[in-house]
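Colleague: show me how the following folds:
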Amino acid sequence: MRRLILMRHAKSDWHQGLEDHERPLNKRGRASCTALAAWLRETGLTPDAALLSSSMRTVETFGRLDLDCEVRTTRALYLAEPDEIVAELREETAETVLLIGHNPGIGITAGDLVAEAPSHSRFADYPTGATLVAEFDIDAWSELTLGTGRVVHFAIPRELPGME
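Modeller: Here you go, the predicted structure:
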């Protein structure tokens with residue numbers, strides 16, 4: 001079995017003069033990371049590996065989760081389309097993978113991967129910090145097929161303890 005923690009980066013700032021790739025998290029985004037980190041610990045979700053877009057906001061989101069796992073950062077996930085996200089995931093070897101990326105690709109990928117979407121009203125728009133946990137009955141990520149994931153959890157930071 002393989003488990004995927006599919007997260008959209010936390011809320012970022014718009015700094016005039018900064019390239020999109022270099023945008024940092026804002027205050028709400030940093031608070032969201034704290035809430036998400038606590039939620040991951042409380043639910044026992046510890047990734048063996050993390051796969052990140054190379055943007056500042058995804059790298060900062062991961063850093064604030066305070067996780068101890070192998071990390072691979074790639075420009076290929078920056079504003080990636082769903083097929084590019086799935087291709088990167090199929091290269092992974094770890095059992096539980098945290099993948100942090102961007103919309104619209106990350107939200108579309110979440111919907112494409114699961115057999116049945118969660119009934120949560122925010123799943124379709126996949127807001128910043130949204131996190132899907134799905135399990136797949138496969139022995140390797142290279143066997144990943146769309147529409148086969150089973151939703152274990154779906155969370156958004158605004159609904160987690162510690163968020164206003």
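Colleague: give me the buried stretch members for the longest helix belonging to the chain, please.
Modeller: Ranked by residue count, the top helix of the chain under DSSP state H comes out as helix 27-42. Across helix 27-42, burial judged by 16 or more other Cβ atoms under 10 Å covers Arg28, Gly29, Ala31, Ser32, Cys33, Thr34, Ala35, Leu36, Trp39, Leu40. All C-beta spots, glycine's among them, are computed from the backbone N, C-alpha and C.
Colleague: and the last one, what pLDDT?
Modeller: With respect to pLDDT, Leu40 has a value of 97.
Colleague: nearest residue to it other than its sequence neighbours?
Modeller: Leu65 (6.6 Å; Cβ to Cβ, 6 or more residues apart in numbering).
Colleague: could you do the first one as well?
Modeller: With Cβ to Cβ, 6+ apart as the criterion, Arg28 has its nearest non-adjacent residue at 4.7 Å, and that residue is Lys11.
Colleague: now that neighbour: how far from Ser142?
Modeller: 34 Å (Cβ to Cβ, to the nearest Å).
Colleague: who has more neighbours out of these two?
Modeller: Between Lys11 and Ser142, counting by other Cβ atoms under 10 Å, Lys11 is the more crowded of the two (20 against 11).
Colleague: show me what contacts the more buried one?
Modeller: Leu25, Asn26, Arg28, Gly29, Ser32, Thr128, Gly129 (Cβ atoms under 8 Å, 6 or more residues apart in numbering).
Colleague: 10 Å instead?
Modeller: With contacts defined as Cβ atoms under 10 Å, 6 or more residues apart in numbering, the neighbours of Lys11 are 25-33, 57, 61, 127-129, 157.
Colleague: just the closest of those to Leu146, please.
Modeller: Set against Leu146, the nearest of these by Cβ to Cβ is Pro127 (22.7 Å).
Colleague: what sits against that closest one?
Modeller: The neighbours of Pro127, taking Cβ under 10 Å, 6+ apart as the test, are Arg8, Lys11, Ser32, Asn103, Gly107, Ile156, Pro157, Arg158.
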